[in-house]
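Trainee: no sequence for this one, just the structure:
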(Lines give C-alpha, C1' and ligand atoms only; values in the text may rest on other atoms or scores of the structure.)
Protein backbone atom coordinates (compact mmCIF):
# COMPACT_ATOMS: atom_id res chain seq x y z
CA UNK A 1 0.00 0.00 0.00
CA UNK A 2 2.88 2.33 0.76
CA UNK A 3 4.36 1.78 -2.72
CA UNK A 4 1.00 2.42 -4.39
CA UNK A 5 0.59 5.70 -2.55
CA UNK A 6 4.15 6.72 -3.39
CA UNK A 7 3.66 5.74 -7.03
CA UNK A 8 0.46 7.79 -7.33
CA UNK A 9 2.17 10.76 -5.68
CA UNK A 10 5.09 10.44 -8.11
CA UNK A 11 2.69 10.15 -11.04
CA UNK A 12 0.87 13.33 -10.03
CA UNK A 13 4.20 15.11 -9.52
CA UNK A 14 5.33 14.07 -13.01
CA UNK A 15 2.07 15.45 -14.43
CA UNK A 16 2.67 18.72 -12.58
CA UNK A 17 6.21 18.86 -13.97
CA UNK A 18 5.24 17.92 -17.53
CA UNK A 19 1.98 19.87 -17.85
CA UNK A 20 3.30 23.41 -18.39
CA UNK A 21 5.98 22.30 -20.84
CA UNK A 22 3.62 20.09 -22.82
CA UNK A 23 1.13 22.95 -23.09
CA UNK A 24 3.95 25.25 -24.17
CA UNK A 25 4.90 22.75 -26.87
CA UNK A 26 1.31 22.54 -28.09
CA UNK A 27 1.11 26.33 -28.27
CA UNK A 28 4.39 26.40 -30.23
CA UNK A 29 2.99 23.77 -32.60
CA UNK A 30 -0.17 25.80 -33.07
CA UNK A 31 1.78 28.97 -33.81
CA UNK A 32 3.92 27.16 -36.37
CA UNK A 33 0.82 25.67 -37.96
CA UNK A 34 -0.87 29.06 -38.12
CA UNK A 35 1.90 31.38 -39.27
CA UNK A 36 4.64 29.32 -40.94
CA UNK A 37 3.71 28.44 -44.54
CA UNK A 38 4.18 24.84 -45.63
CA UNK A 39 6.31 25.87 -48.60
CA UNK A 40 8.68 27.82 -46.31
CA UNK A 41 9.12 24.79 -44.05
CA UNK A 42 9.64 22.48 -47.01
CA UNK A 43 12.20 24.88 -48.49
CA UNK A 44 14.27 25.30 -45.31
CA UNK A 45 13.89 21.92 -43.61
CA UNK A 46 12.49 19.61 -46.30
CA UNK A 47 15.63 18.92 -48.31
CA UNK A 48 17.94 16.08 -47.41
CA UNK A 49 21.44 16.92 -46.29
CA UNK A 50 23.42 18.49 -43.51
CA UNK A 51 22.07 21.97 -44.23
CA UNK A 52 18.47 21.32 -43.18
CA UNK A 53 19.65 19.08 -40.32
CA UNK A 54 21.88 21.86 -38.97
CA UNK A 55 19.19 24.50 -39.37
CA UNK A 56 16.72 22.32 -37.44
CA UNK A 57 19.24 21.86 -34.61
CA UNK A 58 19.88 25.60 -34.40
CA UNK A 59 16.14 26.32 -34.59
CA UNK A 60 15.40 24.00 -31.67
CA UNK A 61 18.33 24.89 -29.39
CA UNK A 62 16.91 28.08 -27.79
CA UNK A 63 13.35 26.76 -27.39
CA UNK A 64 12.45 25.92 -23.75
CA UNK A 65 10.68 22.62 -24.55
CA UNK A 66 11.12 19.24 -22.86
CA UNK A 67 10.79 15.77 -24.41
CA UNK A 68 6.99 16.01 -24.04
CA UNK A 69 6.73 19.59 -25.23
CA UNK A 70 8.99 19.10 -28.23
CA UNK A 71 6.92 16.22 -29.59
CA UNK A 72 3.89 18.21 -30.83
CA UNK A 73 6.19 20.91 -32.19
CA UNK A 74 8.29 18.32 -34.07
CA UNK A 75 5.19 16.58 -35.43
CA UNK A 76 3.95 19.93 -36.68
CA UNK A 77 7.26 20.51 -38.46
CA UNK A 78 7.07 17.02 -39.94
CA UNK A 79 3.52 17.51 -41.21
CA UNK A 80 4.57 20.84 -42.74
CA UNK A 81 7.25 19.22 -44.90
CA UNK A 82 10.38 18.87 -42.74
CA UNK A 83 12.59 15.92 -43.69
CA UNK A 84 13.21 12.98 -41.40
CA UNK A 85 16.72 14.15 -40.63
CA UNK A 86 15.57 17.67 -39.78
CA UNK A 87 12.77 16.30 -37.60
CA UNK A 88 15.18 14.05 -35.69
CA UNK A 89 17.68 16.87 -35.32
CA UNK A 90 14.96 19.11 -33.89
CA UNK A 91 13.80 16.30 -31.57
CA UNK A 92 17.30 15.92 -30.09
CA UNK A 93 18.50 19.53 -29.96
CA UNK A 94 15.39 21.12 -28.47
CA UNK A 95 14.85 19.22 -25.18
CA UNK A 96 18.53 18.93 -24.18
CA UNK A 97 19.10 22.68 -24.47
CA UNK A 98 17.03 25.83 -24.04
CA UNK A 99 18.00 29.26 -22.82
CA UNK A 100 16.52 28.58 -19.39
CA UNK A 101 18.48 25.36 -18.85
CA UNK A 102 21.74 26.93 -20.02
CA UNK A 103 21.49 29.68 -17.42
CA UNK A 104 20.61 27.20 -14.66
CA UNK A 105 23.48 24.95 -15.79
CA UNK A 106 25.92 27.79 -15.28
CA UNK A 107 24.63 28.35 -11.75
CA UNK A 108 24.51 24.69 -10.66
CA UNK A 109 26.99 22.78 -12.84
CA UNK A 110 29.70 25.39 -13.37
CA UNK A 111 30.91 27.16 -16.51
CA UNK A 112 32.61 24.10 -18.05
CA UNK A 113 29.50 21.91 -18.29
CA UNK A 114 27.35 24.96 -19.05
CA UNK A 115 29.44 25.48 -22.21
CA UNK A 116 29.94 21.82 -23.10
CA UNK A 117 26.32 20.79 -22.72
CA UNK A 118 24.71 22.90 -25.51
CA UNK A 119 27.62 22.27 -27.88
CA UNK A 120 27.37 18.51 -27.37
CA UNK A 121 23.58 18.70 -27.69
CA UNK A 122 23.81 20.37 -31.10
CA UNK A 123 26.51 17.93 -32.24
CA UNK A 124 24.45 14.89 -31.17
CA UNK A 125 21.39 16.34 -32.91
CA UNK A 126 23.25 16.79 -36.20
CA UNK A 127 24.79 13.30 -35.90
CA UNK A 128 21.40 11.67 -35.23
CA UNK A 129 19.79 13.65 -38.05
CA UNK A 130 22.41 12.58 -40.58
CA UNK A 131 22.02 8.94 -39.52
CA UNK A 132 18.27 9.27 -40.04
CA UNK A 133 18.84 10.67 -43.52
CA UNK A 134 21.00 7.64 -44.32
CA UNK A 135 18.40 5.18 -43.01
CA UNK A 136 16.42 3.20 -45.64
CA UNK A 137 13.19 5.15 -45.28
CA UNK A 138 15.05 8.45 -45.66
CA UNK A 139 14.93 7.86 -49.42
CA UNK A 140 11.18 8.38 -49.39
CA UNK A 141 9.35 11.69 -49.65
CA UNK A 142 9.94 14.00 -46.71
CA UNK A 143 6.38 13.62 -45.47
CA UNK A 144 3.71 11.10 -46.18
CA UNK A 145 1.05 13.64 -45.29
CA UNK A 146 2.67 16.39 -47.30
CA UNK A 147 0.56 19.34 -48.30
CA UNK A 148 -0.80 19.42 -51.83
CA UNK A 149 1.29 22.42 -52.79
CA UNK A 150 4.43 20.32 -52.57
CA UNK A 151 3.18 17.80 -55.14
CA UNK A 152 3.54 19.40 -58.50
CA UNK A 153 1.87 16.92 -60.74
CA UNK A 154 -1.06 16.00 -58.54
CA UNK A 155 -2.29 19.46 -57.67
CA UNK A 156 -4.46 21.63 -59.81
CA UNK A 157 -2.36 24.51 -58.50
CA UNK A 158 0.97 22.87 -59.12
CA UNK A 159 3.69 24.92 -60.70
CA UNK A 160 4.20 22.29 -63.39
CA UNK A 161 1.65 20.33 -65.31
CA UNK A 162 1.67 16.58 -65.96
CA UNK A 163 4.14 15.22 -68.46
CA UNK A 164 1.36 14.00 -70.73
CA UNK A 165 0.31 17.01 -72.79
CA UNK A 166 -3.40 17.61 -72.54
CA UNK A 167 -3.51 21.34 -73.01
CA UNK A 168 -7.26 21.67 -73.29
CA UNK A 169 -7.91 19.97 -69.95
CA UNK A 170 -4.86 20.94 -67.92
CA UNK A 171 -5.92 22.77 -64.81
CA UNK A 172 -2.81 24.93 -64.60
CA UNK A 173 -1.42 24.80 -68.08
CA UNK A 174 0.19 28.05 -69.13
CA UNK A 175 -0.48 27.39 -72.80
CA UNK A 176 -3.45 25.78 -74.52
CA UNK A 177 -4.63 24.99 -78.01
CA UNK A 178 -7.32 27.32 -79.32
CA UNK A 179 -10.80 25.89 -79.10
CA UNK A 180 -13.70 27.47 -80.92
CA UNK A 181 -16.17 26.36 -78.28
CA UNK A 182 -14.69 25.88 -74.81
CA UNK A 183 -16.59 24.13 -72.07
CA UNK A 184 -18.96 26.43 -70.22
CA UNK A 185 -17.99 25.35 -66.70
CA UNK A 186 -14.75 24.75 -64.96
CA UNK A 187 -14.08 22.54 -61.97
CA UNK A 188 -11.00 23.61 -60.14
CA UNK A 189 -9.98 22.85 -56.60
CA UNK A 190 -9.82 26.41 -55.40
CA UNK A 191 -12.00 28.51 -57.63
CA UNK A 192 -12.38 32.24 -57.23
CA UNK A 193 -15.29 34.38 -58.35
CA UNK A 194 -17.10 33.41 -61.53
CA UNK A 195 -16.75 35.56 -64.62
CA UNK A 196 -19.60 37.71 -65.85
CA UNK A 197 -20.60 37.57 -69.50
CA UNK A 198 -18.91 39.77 -72.08
CA UNK A 199 -18.11 38.98 -75.73
CA UNK A 200 -14.49 38.17 -76.45
CA UNK A 201 -13.22 38.67 -79.99
CA UNK A 202 -10.57 35.99 -79.79
CA UNK A 203 -11.61 32.90 -77.79
CA UNK A 204 -8.88 31.48 -75.66
CA UNK A 205 -8.46 27.93 -74.51
CA UNK A 206 -10.08 26.74 -71.32
CA UNK A 207 -7.39 27.10 -68.67
CA UNK A 208 -7.74 27.12 -64.94
CA UNK A 209 -4.75 29.39 -64.57
CA UNK A 210 -5.41 31.94 -67.27
CA UNK A 211 -5.87 35.49 -66.18
CA UNK A 212 -9.13 35.69 -68.15
CA UNK A 213 -11.89 33.13 -68.52
CA UNK A 214 -11.91 31.46 -71.91
CA UNK A 215 -15.55 32.04 -72.80
CA UNK A 216 -17.20 34.26 -75.38
CA UNK A 217 -18.50 36.39 -72.54
CA UNK A 218 -17.47 39.72 -71.03
CA UNK A 219 -15.06 39.63 -68.15
CA UNK A 220 -15.69 42.18 -65.47
CA UNK A 221 -14.52 40.28 -62.41
CA UNK A 222 -12.06 37.68 -61.40
CA UNK A 223 -11.85 34.42 -63.26
CA UNK A 224 -12.86 31.09 -61.91
CA UNK A 225 -9.32 29.96 -61.29
CA UNK A 226 -7.35 28.24 -58.58
CA UNK A 227 -4.23 30.06 -59.67
CA UNK A 228 -5.75 33.47 -60.24
CA UNK A 229 -3.68 36.46 -59.31
CA UNK A 230 -6.34 37.34 -56.74
CA UNK A 231 -6.82 34.97 -53.84
CA UNK A 232 -10.09 33.43 -52.83
CA UNK A 233 -12.38 35.54 -50.67
CA UNK A 234 -12.76 34.73 -46.97
CA UNK A 235 -9.03 34.24 -46.40
CA UNK A 236 -8.63 34.19 -42.60
CA UNK A 237 -6.80 37.02 -40.91
CA UNK A 238 -4.16 36.67 -38.23
CA UNK A 239 -6.75 36.02 -35.50
CA UNK A 240 -8.45 33.32 -37.55
CA UNK A 241 -5.10 31.66 -38.29
CA UNK A 242 -4.14 31.87 -34.60
CA UNK A 243 -7.34 30.26 -33.33
CA UNK A 244 -7.24 27.67 -36.11
CA UNK A 245 -3.64 26.75 -35.35
CA UNK A 246 -4.25 26.45 -31.62
CA UNK A 247 -7.40 24.41 -32.24
CA UNK A 248 -5.42 22.06 -34.47
CA UNK A 249 -2.65 21.63 -31.89
CA UNK A 250 -4.96 21.19 -28.90
CA UNK A 251 -7.11 18.62 -30.68
CA UNK A 252 -5.47 16.82 -33.61
CA UNK A 253 -1.92 16.69 -32.30
CA UNK A 254 -2.89 16.13 -28.67
CA UNK A 255 -5.23 13.27 -29.64
CA UNK A 256 -2.35 11.67 -31.53
CA UNK A 257 0.10 11.68 -28.62
CA UNK A 258 -2.17 11.50 -25.55
CA UNK A 259 -2.15 7.71 -25.08
CA UNK A 260 1.61 7.34 -25.41
CA UNK A 261 2.23 10.34 -23.22
CA UNK A 262 0.14 8.66 -20.53
CA UNK A 263 2.23 5.50 -20.86
CA UNK A 264 5.42 7.55 -20.69
CA UNK A 265 4.32 9.46 -17.61
CA UNK A 266 3.39 6.20 -15.87
CA UNK A 267 6.81 4.77 -16.73
CA UNK A 268 8.49 7.95 -15.47
CA UNK A 269 6.59 7.69 -12.20
CA UNK A 270 7.71 4.07 -11.84
CA UNK A 271 11.37 5.05 -12.38
CA UNK A 272 11.11 7.90 -9.87
CA UNK A 273 9.46 5.60 -7.32
CA UNK A 274 11.55 2.44 -7.63
CA UNK A 275 15.00 3.69 -8.79
CA UNK A 276 16.61 5.78 -6.01
CA UNK A 277 19.27 8.39 -6.72
CA UNK A 278 21.99 6.55 -4.75
CA UNK A 279 21.55 3.61 -7.12
CA UNK A 280 22.52 5.92 -9.98
CA UNK A 281 25.41 7.40 -8.01
CA UNK A 282 26.84 3.93 -7.31
CA UNK A 283 28.01 3.81 -10.92
CA UNK A 284 31.02 6.09 -11.13
CA UNK A 285 32.41 6.44 -14.64
CA UNK A 286 33.24 4.61 -17.85
CA UNK A 287 31.16 3.14 -20.70
CA UNK A 288 29.19 0.79 -18.43
CA UNK A 289 28.12 3.66 -16.18
CA UNK A 290 27.11 5.67 -19.24
CA UNK A 291 25.04 2.77 -20.59
CA UNK A 292 23.29 2.57 -17.23
CA UNK A 293 22.53 6.30 -17.40
CA UNK A 294 21.05 5.82 -20.88
CA UNK A 295 18.97 2.84 -19.73
CA UNK A 296 17.60 4.91 -16.86
CA UNK A 297 17.30 8.20 -18.75
CA UNK A 298 15.45 7.08 -21.90
CA UNK A 299 12.24 5.83 -20.22
CA UNK A 300 12.31 8.66 -17.68
CA UNK A 301 10.46 11.93 -18.16
CA UNK A 302 12.60 14.82 -17.01
CA UNK A 303 13.05 18.19 -18.68
CA UNK A 304 16.44 19.78 -19.28
CA UNK A 305 16.08 22.31 -16.47
CA UNK A 306 14.64 19.88 -13.92
CA UNK A 307 17.45 17.38 -14.61
CA UNK A 308 20.13 19.82 -13.43
CA UNK A 309 19.61 19.46 -9.63
CA UNK A 310 19.70 15.67 -10.01
CA UNK A 311 22.85 15.94 -12.13
CA UNK A 312 24.39 18.15 -9.46
CA UNK A 313 23.66 15.57 -6.77
CA UNK A 314 25.26 12.89 -8.97
CA UNK A 315 28.39 15.03 -9.36
CA UNK A 316 28.63 15.55 -5.62
CA UNK A 317 28.12 11.80 -5.10
CA UNK A 318 31.22 11.03 -7.18
CA UNK A 319 29.82 10.36 -10.64
CA UNK A 320 32.15 11.59 -13.39
CA UNK A 321 31.24 14.70 -15.44
CA UNK A 322 31.10 12.65 -18.65
CA UNK A 323 28.61 10.21 -17.13
CA UNK A 324 26.52 13.10 -15.83
CA UNK A 325 26.63 14.65 -19.31
CA UNK A 326 25.24 11.41 -20.76
CA UNK A 327 22.37 11.58 -18.29
CA UNK A 328 21.76 15.25 -19.15
CA UNK A 329 21.47 14.27 -22.83
CA UNK A 330 19.60 10.95 -22.64
CA UNK A 331 17.16 11.96 -19.90
CA UNK A 332 15.66 15.13 -21.41
CA UNK A 333 16.03 14.08 -25.06
CA UNK A 334 13.36 11.39 -25.08
CA UNK A 335 11.08 9.18 -23.05
CA UNK A 336 9.45 5.83 -23.65
CA UNK A 337 6.09 7.34 -24.48
CA UNK A 338 7.41 9.57 -27.24
CA UNK A 339 9.29 6.78 -29.03
CA UNK A 340 6.10 5.12 -30.31
CA UNK A 341 4.79 8.43 -31.66
CA UNK A 342 8.16 9.19 -33.28
CA UNK A 343 8.26 5.73 -34.88
CA UNK A 344 4.77 6.23 -36.30
CA UNK A 345 5.74 9.51 -37.96
CA UNK A 346 9.29 8.90 -39.22
CA UNK A 347 9.42 5.10 -39.48
CA UNK A 348 11.30 2.36 -37.64
CA UNK A 349 14.73 2.73 -39.35
CA UNK A 350 14.81 6.48 -38.74
CA UNK A 351 13.74 5.95 -35.11
CA UNK A 352 16.56 3.43 -34.62
CA UNK A 353 18.97 5.92 -36.19
CA UNK A 354 17.60 8.59 -33.85
CA UNK A 355 18.35 6.44 -30.79
CA UNK A 356 21.74 5.27 -32.09
CA UNK A 357 22.79 8.81 -32.91
CA UNK A 358 21.62 10.14 -29.56
CA UNK A 359 23.08 7.33 -27.42
CA UNK A 360 26.27 6.88 -29.44
CA UNK A 361 26.93 10.60 -29.56
CA UNK A 362 26.22 10.98 -25.85
CA UNK A 363 28.63 8.18 -24.88
CA UNK A 364 31.33 9.41 -27.26
CA UNK A 365 31.18 12.99 -26.01
CA UNK A 366 30.88 11.76 -22.43
CA UNK A 367 34.15 9.85 -22.72
CA UNK A 368 35.76 12.88 -24.39
CA UNK A 369 34.52 15.12 -21.55
CA UNK A 370 36.10 12.85 -18.92
CA UNK A 371 39.38 12.91 -20.85
CA UNK A 372 39.36 16.71 -21.08
CA UNK A 373 38.52 17.12 -17.40
CA UNK A 374 41.34 14.76 -16.45
CA UNK A 375 43.84 16.29 -18.89
CA UNK A 376 43.14 19.90 -17.89
CA UNK A 377 42.68 18.96 -14.22
CA UNK A 378 39.35 20.77 -14.01
CA UNK A 379 37.68 20.79 -10.59
CA UNK A 380 33.92 20.87 -11.20
CA UNK A 381 32.16 22.25 -8.13
CA UNK A 382 28.57 23.37 -8.14
CA UNK A 383 25.95 24.37 -5.67
CA UNK A 384 22.88 22.25 -5.05
CA UNK A 385 19.70 24.27 -4.92
CA UNK A 386 17.38 23.13 -2.15
CA UNK A 387 14.28 23.75 -4.24
CA UNK A 388 13.43 20.99 -6.75
CA UNK A 389 10.28 22.68 -8.02
CA UNK A 390 11.40 24.53 -11.14
CA UNK A 391 7.95 26.13 -11.60
CA UNK A 392 5.64 27.56 -8.93
CA UNK A 393 2.54 25.57 -8.04
CA UNK A 394 0.25 28.33 -9.31
CA UNK A 395 1.66 27.64 -12.79
CA UNK A 396 2.01 23.85 -12.73
CA UNK A 397 -1.35 23.02 -11.10
CA UNK A 398 -3.62 24.95 -13.54
CA UNK A 399 -1.50 23.66 -16.43
CA UNK A 400 -1.94 20.05 -15.30
CA UNK A 401 -5.70 20.48 -14.89
CA UNK A 402 -6.01 22.18 -18.29
CA UNK A 403 -3.95 19.44 -19.92
CA UNK A 404 -6.19 16.73 -18.44
CA UNK A 405 -9.31 18.54 -19.69
CA UNK A 406 -7.84 18.92 -23.19
CA UNK A 407 -6.62 15.32 -23.36
CA UNK A 408 -10.07 13.82 -22.62
CA UNK A 409 -11.95 14.48 -25.85
CA UNK A 410 -15.57 14.51 -24.57
CA UNK A 411 -14.57 16.75 -21.68
CA UNK A 412 -12.64 19.01 -24.03
CA UNK A 413 -15.61 19.34 -26.38
CA UNK A 414 -17.87 20.10 -23.45
CA UNK A 415 -15.65 22.77 -21.90
CA UNK A 416 -13.85 24.14 -24.96
CA UNK A 417 -15.97 23.91 -28.08
CA UNK A 418 -13.34 25.94 -29.90
CA UNK A 419 -10.86 23.11 -29.42
CA UNK A 420 -13.05 20.44 -31.01
CA UNK A 421 -11.16 18.32 -33.51
CA UNK A 422 -10.42 20.29 -36.67
CA UNK A 423 -9.17 19.46 -40.10
CA UNK A 424 -5.35 19.46 -40.33
CA UNK A 425 -5.22 21.95 -43.18
CA UNK A 426 -7.85 24.31 -41.85
CA UNK A 427 -5.66 26.87 -40.07
CA UNK A 428 -3.73 28.00 -43.11
CA UNK A 429 -3.66 27.84 -46.86
CA UNK A 430 -0.59 29.95 -47.36
CA UNK A 431 -0.01 30.74 -50.98
CA UNK A 432 3.40 31.63 -52.23
CA UNK A 433 3.48 34.27 -54.94
CA UNK A 434 6.38 32.45 -56.55
CA UNK A 435 4.73 29.03 -56.52
CA UNK A 436 4.19 28.89 -60.25
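Mentor: Looks like it came in fine. Note that this is a predicted model, so its numbers are computed, not measured. Residues are numbered from 1 along each chain as shown.

Trainee: please pull out the lowest mean pLDDT helix or strand from the chain.
Mentor: Lowest by mean pLDDT, DSSP states H and E among the helices and strands of the chain is helix 277-281, with a mean of 60.

Trainee: tell me the helix or strand right after it.
Mentor: With elements assigned by DSSP states H and E, the helix or strand that comes after helix 277-281 is helix 287-297.

Trainee: quick one: list the elements packing against that following helix.
Mentor: Judged by 3 or more Cβ pairs under 8 Å, 6 or more residues apart in numbering; DSSP states H and E, the packing partners of helix 287-297 are helix 277-281, helix 321-333, helix 348-376. To be clear about C-beta, it is placed using only N, CA and C from the backbone, and glycine gets the same treatment.

Trainee: turn those helices into JSON lines, columns for distance to residue 58.
Mentor: Output for the helices and strands packed on helix 287-297, formatted as JSON lines (distance: least, Cβ to Cβ, whole Å):
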{"stretch": "helix 277-281", "distance to residue 58": "32"}
{"stretch": "helix 321-333", "distance to residue 58": "17"}
{"stretch": "helix 348-376", "distance to residue 58": "17"}
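
Trainee: of all the ones you listed, which one comes closest to residue 76?
Mentor: Checking those against residue 76 by Cβ to Cβ gives helix 348-376 as the closest, at 17.4 Å.

Trainee: and the closest one, what's buried?
Mentor: For helix 348-376, the neighbour count (16 or more other Cβ atoms under 10 Å) marks 349-351, 353-355, 357-359, 361-367, 369-370, 373 as buried.

Trainee: show me the protein divided up by domain.
Mentor: Using automatic domain parsing, the domain parsing of the chain gives 2-146+237-419, 173-226.

Trainee: what helices or strands is the strand or helix carrying residue 340 leaning on?
Mentor: Assessed by DSSP H and E, residue 340 sits inside helix 336-346. Under the contact criterion of 3+ Cβ pairs under 8 Å, 6+ apart, helix 336-346 touches helix 70-79, helix 84-96, helix 254-274, helix 348-376.

Trainee: looking at the ones you listed, spot the one closest to residue 292.
Mentor: Shortest distance between residue 292 and the helices and strands packed on helix 336-346, using Cβ to Cβ, is found for helix 348-376: 11.3 Å.

Trainee: that closest one: what's the following helix or strand?
Mentor: Going down the chain from helix 348-376, the next helix or strand is helix 393-407, by DSSP H and E.

Trainee: and after that following helix, which helix or strand comes next?
Mentor: Scanning onward from helix 393-407 (DSSP H and E), the first element met is helix 409-415.

Trainee: between the domains of the chain, which gets the lowest average pLDDT?
Mentor: If you rank these by mean pLDDT, domain 173-226 sits at the bottom with a mean of 45.

Trainee: residue 340: neighbour count?
Mentor: Other residues near residue 340 come to 16 when the count uses other Cβ atoms under 10 Å.

Trainee: that one and residue 323: what is the separation?
Mentor: According to Cβ to Cβ, to the nearest Å, residue 340 and residue 323 sit 28 Å apart.

Trainee: please report how far residue 96 lies from residue 320.
Mentor: The gap separating residue 96 from residue 320 is 19 Å, by Cβ to Cβ.

Trainee: for residue 13, same thing?
Mentor: With the distance defined as Cβ to Cβ, residue 13 ends up 29 Å from residue 320.

Trainee: which one of the two has more residues nearby?
Mentor: Neighbours around residue 13 and residue 320, counted as other Cβ under 10 Å, are more numerous at residue 320. The numbers are 23 against 17.

Trainee: so what's that one up against?
Mentor: 284-286, 289, 370, 373 (Cβ atoms under 8 Å, 6 or more residues apart in numbering).

Trainee: check residue 1 too.
Mentor: Counting by Cβ under 8 Å, 6+ apart, residue 1 has no contacts.

Trainee: for it, give me the pLDDT.
Mentor: 73.

Trainee: tell me the contacts of the closest residue to residue 32 other than its chain neighbours?
Mentor: If the residues on either side of it in the chain are set aside, residue 32 comes closest to residue 76, at 5.0 Å by Cβ to Cβ, 6 or more residues apart in numbering. The contact partners of residue 76, by Cβ under 8 Å, 6+ apart, come to 28-30, 32-33, 249, 253.

Trainee: between those, which is nearest residue 92?
Mentor: Comparing the contacts of residue 76 against residue 92 with Cβ to Cβ places residue 28 closest, at 16.6 Å.

Trainee: what strand or helix carries the closest one?
Mentor: Assigned by DSSP H and E, residue 28 falls in helix 2-35.

Trainee: same for that helix, what does it pack against?
Mentor: helix 70-79, helix 238-248, helix 254-274, helix 393-407.

Trainee: what angle do it and helix 238-248 make?
Mentor: Helix 2-35 and helix 238-248 meet at an angle of 150 degrees, taking axes from the mean of the first three to the mean of the last three Cα atoms, to 10 degrees as the criterion.

Trainee: any idea how far residue 377 is from residue 412?
Mentor: Taking Cβ to Cβ as the measure, residue 377 and residue 412 are separated by 57 Å.

Trainee: same question for residue 239.
Mentor: From residue 239 to residue 412 the distance is 21 Å (Cβ to Cβ).

Trainee: can you check residue 396 too?
Mentor: Distance of residue 396 to residue 412, computed by Cβ to Cβ: 20 Å.

Trainee: try residue 135
Mentor: Where residue 412 is concerned, residue 135 sits at a distance of 36 Å (Cβ to Cβ).

Trainee: so which of the helices and strands packed on helix 2-35 has the densest surroundings on average?
Mentor: Most buried of those by mean neighbour count (mean count of other Cβ atoms under 10 Å) is helix 70-79; its value is a mean of 28.

Trainee: orientation of it relative to helix 238-248 in degrees?
Mentor: Angle, helix 70-79 to helix 238-248, by the same axes, to 10 degrees: 110 degrees.
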